[in-house]
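A.B. asks: Quick one: sequence plus predicted model below, questions after.
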Amino acid sequence: MAPPLELEVNGTKYPVRSDPDIRLLTVLRDELGLTGTKYGCGEGQCGACTVLIGGSPRRSCQVLLGEVVQPVTTIEGLEKDGHLHPVQQAFLDLDAFQCAYCTSGMIISSVALLTQKPNPSPTEIVQFMQGNICRCGTYPRIVDAIQQAAKSMEQHPR
Amino acid sequence: MSTLVNKFTHEIAHEHEPERYEFREAPIHHFALDRRDFFKFFGAGIMVFAAVKNSLALQESGGNRQNHPEELPKEITAWLHIGEDGNVTAFAGKVEIGQNIRTSLAQSVADELRVPFESVRMVMGDTQLTPFDMGTFGSRSTPTMAPQLRRVAAAARDLLLQSAAKEWNTAPEKLLAANAKITDAASGRSTTYADVARGKTLAQRIPDEDPVTPASAWTIAGKSLPKVDGRAFVTGRHHYTSDLRPAGLMYGKILRAPSFGATMTSCDVTAAQKLPGAVLVHDGDFVGAAAPSETEADEAIAAIHTEWKETPQPSSSELFPYLKQNVDTTDRGSLTQSGSIADGLARAARRLEASYTVAYIAHAPLEPRAAVAEWKDGKLTVWTGTQRPFATRDALAEALHLAKANVRVIVPDTGSAYGGKHTPDAALEAARLARGAGKPVKIVWTREEEFTWAYFRPAGVIEIKSGVAADGTLTAWEFHNYNSGASGIGTPYTVPNQHIEFHPVRSPLRQGSYRGLAATANHFARESHMDDLAHAAAMDPLDFRLKNISDPRLRDVFQAATKSFGWPAKKTKPGQGFGMGGGIEKGGYVATCAEISSDDARGGVRVVRVVTAFECGAIVNPDGLRNQIMGANIMGLGGALFEAMAFDGGRITNARFSRYRVPRFRDVPDMEIVLLDRKDIPSAGAGETPLVGLAPAIGNAIFDATGVRRTTLPLDPRA
């Protein structure tokens, strides 16, 4: 039996016993209990399972455990010392969700966008977020929340 | 077991008006807890129950309403507990599926009880703790549950006032209840609800017609308060059913037939049974596996050898003729008639005839069906995202031969439903596997399963014959709906001669409830046809509607929407078009105006701008309402423009998001929402009705832009 792999998630190094060919999404949810990352389609089409790997947004249902070499950030890793990430705060302030099942993926994708482009235009937001589905239809509020978060991050860098 | 699943499914097709594809049933008189259990469970304090009128009258025939019953009356609709710490817990059988009902019900309780919003906790959708409820559908939660909870809260407030008055030796009418305190203006004395509740185990039944605070005097309801538990959702901490991980959890998978209507001719689970850790359950034609991981459960299913006999099934390409040819003659459907169509047509200056079609579409809730089942000492607990916790409990009890008292269904706030989570499928599957495995089992349907084995919004064919007089008044309206359902089938316009008929059909696909359900199809056909009639009468579509509307509330929403939209709008670029649609459904009034841009080269359509005016009586939470209206429009955009199930040979051929297009960021038009707040009218539900004006508004705008009438939903399947 192969030695356990090590996976760094939200700043913590976890030994993992799953096989390297198991989807990262499954490892996060079923082995590590980080259930904030959601299954929505299993084919990288809905964005509910989005995580950051080395700071880049990836669909964790399309990434195998063995392929992960850089640290992973999930929705659980955004809150710091009881303070929400500005994107989380903006989603909360603007009620930018209904059932909220897509919200983790939306927030993680938004964080990735704002890292690449601190002041995106609405068109750039729509372009970047096109791969994330919200069936409840809160898209306009999400665009507003991303813009509010951008302002907040500009004024109060973390 | 599967026979029982089928029986349940069968019910869908045999439900009757007003909303045939939604489930109805009489209340079941069963309560798991008696009064003493309640205080044991929730601690001392004050408890108030609301009983429905008739049962109360019955129980009170020889007694006095102030009696404290030793047991709960049977026909309870809601209850509420005020603890010794002043915290308020209200109980309702409704479930939260993203429509924000947890927040708006808490607002109504806080408002009526005169306590801070933050002190109210809602316990919902738990068959052991909450009163019986038919289900969360039909936009009924706000019009029925909110007033019931208000009556309970009003009674609790009275009880607190009476207690304080007794202690202070004064009359309750002289005291004031506000902000969780009772004060006596005359003496300056004051006490908190918590102090009054302390040390008491006081229970009271109330009639359900007690007066409540009118909307004009609301202080907490009527405001845009933020969603309860919002922080848990943005941090990923909220546990949906699919996130639950009880100790010893196993993952379940079900063997699915290769096609609809296929029957199993042989099944060999020998190889699968030899896989370490896997538990196989083969019971009738139910075959499933549970294993320590999802991967191992998949492997176990893959190791089963089965043979199937498939039967010919209709395909989506021949759907509409099929529906017309397969009218279910054993079910009479519904018919309303007035005057004579022949007379009406004879008196018409212009006569029109048209046929419309509506495709099957999927709910595609982002959280697929899921359930976690756990057995302990012969008792079953199932956590599942369902809109009908009590019906799910009953189905589990029946299928597994249990007393209802031994089954508990708990509904964690769920990753949306849209009418798609009425059936108990995942709950039955998890429960059966968990019994076989002797451990808790979780079932989470894959996206392909969700797109295939759930159920669909009914497809339909609608045929209309109509006549209009020279002055633009309607003279005849004959409307036949095949299969898509009877809700919203009646015309809100004044027509002296009407024949409106719903024809049930033996549906080739499993079909059921959906957000806006039949009203979407009926409004699409009716409002598209009204647009053609306006042109036939050489009238502006707004003027034509207003001429034939007698209901002032409908007139108001059409006027509000067109005013904000700027109707009549002037075309400034090629391919531009404007249209409107609206109506009355589930007590709400909607009018929608749309601007589209048509790309001649591609034949495609883009929705540029939408204005929706909505009136649902007194508004409970304006921000939550705006969120619902915006969401209804965006979800409705998919069914209006491009969503349709494709099927062939008993297989869904687009059962993935990569093949079934749903609205995304780029599809969203500029949107404006106009709310008409009628504090003089009781609140109606708002989750569904805002959707029904959109498709005809878009279709009419396409006609305006291109001169071509599109009569199919979706309107632009190539998009």
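C.D. replies: Received it, and whenever you're ready, just let me know what you need. Numbering: from 1, shown residues only, chains lettered A, B, ... in the order given.
A.B. asks: Distance of the nearest residue to A:Ile22 once chain neighbours are set aside relative to B:Gly277?
C.D. replies: When the adjacent residues along the chain are set aside, A:Ile22 lies closest to A:Leu65, with 5.2 Å between them (C-beta to C-beta, 6 or more residues apart in numbering or on different chains). Heads up, the C-betas are built off the backbone N, CA and C, glycines and all. Computed as C-beta to C-beta, to the nearest Å, the A:Leu65 to B:Gly277 distance reads 20 Å.
A.B. asks: Those two: who's more crowded?
C.D. replies: Neighbour count, other C-beta atoms under 10 Å in any protein chain shown: between A:Leu65 and B:Gly277, A:Leu65 has more, with 21 against 13.
A.B. asks: Now the phi/psi pair for that one, please.
C.D. replies: With angles defined as degrees, to the nearest 10, A:Leu65 shows backbone torsions of phi -50, psi -40.
A.B. asks: Show the contacting residues for residue 44.
C.D. replies: Going with chain A. Listed by C-beta atoms under 8 Å, 6 or more residues apart in numbering or on different chains, the contact set of A:Gly44 reads A:Arg59, A:Cys61, A:Gln62, A:Gly131.
A.B. asks: actually it's chain B I care about, not the one you picked
C.D. replies: With C-beta under 8 Å, 6+ apart, B:Ala44 has these contacts: B:Gly83, B:Glu84, B:Ala197, B:Arg198, B:Gly199, B:Lys200, B:Thr201.
A.B. asks: so what's the backbone phi/psi at the last one?
C.D. replies: Note on B:Thr201: backbone dihedrals following degrees, to the nearest 10 are phi -130, psi 80.
A.B. asks: Who does it form a beta bridge with?
C.D. replies: For B:Thr201, the beta-bridge partners are B:Gly45 (DSSP bridges).
A.B. asks: can you check B:Leu676 too?
C.D. replies: B:Glu615.
A.B. asks: Kindly provide the distance from it to chain A.
C.D. replies: B:Leu676 is 21 Å from chain A, where distance means C-beta to the nearest C-beta, to the nearest Å.
A.B. asks: Pretty sure that residue sits against B:Thr612.
C.D. replies: No: with contact defined as C-beta atoms under 8 Å, B:Leu676 and B:Thr612 do not form a contacting pair (11.0 Å).
A.B. asks: between these two, which one's more packed in?
C.D. replies: B:Thr612 (31 against 17).
A.B. asks: Is the more buried one part of a helix or strand, or is it coil?
C.D. replies: Assigned by DSSP: H, G, I helix; E, B strand; the rest coil, the conformation of B:Thr612 is strand.
A.B. asks: how about low-confidence regions in chain B?
C.D. replies: For chain B, the stretches with pLDDT under 70 are B:1-38, B:50-77, B:207-210, B:600-603.
A.B. asks: give the contact list for the closest residue to chain A within the stretch 51-200 of chain B.
C.D. replies: Nearest to chain A in the stretch 51-200 of chain B, going by C-beta to the nearest C-beta, is B:Gly98, at a distance of 2.8 Å. Counting by C-beta under 8 Å, 6+ apart, B:Gly98 makes contact with A:Phe97, A:Gln98, A:Cys99, A:Ala100, A:Tyr101, A:Cys136, B:Thr414, B:Gly415, B:Ser416, B:Ala417.
A.B. asks: for the fifth one, what are its contacts?
C.D. replies: With contact taken as C-beta under 8 Å, 6+ apart, A:Tyr101 is in contact with A:Lys38, A:Gly40, A:Ala48, B:Gly98, B:Tyr240, B:Pro365, B:Leu366, B:Glu367, B:Gly415, B:Ser416.
A.B. asks: The same query, at a cut-off of 10 Å, please.
C.D. replies: Counting by C-beta atoms under 10 Å, 6 or more residues apart in numbering or on different chains, A:Tyr101 touches A:38-40, A:46, A:48, A:133-136, B:98, B:233, B:238, B:240, B:242, B:365-368, B:385, B:413-416.
A.B. asks: What count of nearby residues applies to B:Asn633?
C.D. replies: Residue neighbour count, defined by other C-beta under 10 Å, stands at 28 for B:Asn633.
A.B. asks: hmm, back to that, and the residue of the stretch 51-200 of chain B closest to chain A, that's in a helix?
C.D. replies: No: read with three-state DSSP, B:Gly98 is coil and lies in no helix.
A.B. asks: hey, what's in contact with both of B:Leu676 and B:Thr612?
C.D. replies: With C-beta under 10 Å, 6+ apart, B:Leu676 and B:Thr612 have common neighbours B:Val557, B:Ala560.
A.B. asks: for the residue most central in space within chain A, helix, strand, or coil?
C.D. replies: Nearest to the mean C-alpha position of chain A, counting by C-alpha atoms, centre = their mean, stands A:Ile108 at 2.7 Å. Following three-state DSSP, we place A:Ile108 in the helix state.
A.B. asks: Apart from its neighbours in sequence, what residue is nearest it?
C.D. replies: A:Thr50 (4.6 Å).
A.B. asks: Then B:Gly86?
C.D. replies: B:Ala194 (3.2 Å).
A.B. asks: so which strand or helix has that neighbour?
C.D. replies: helix B:193-197 (DSSP states H and E).
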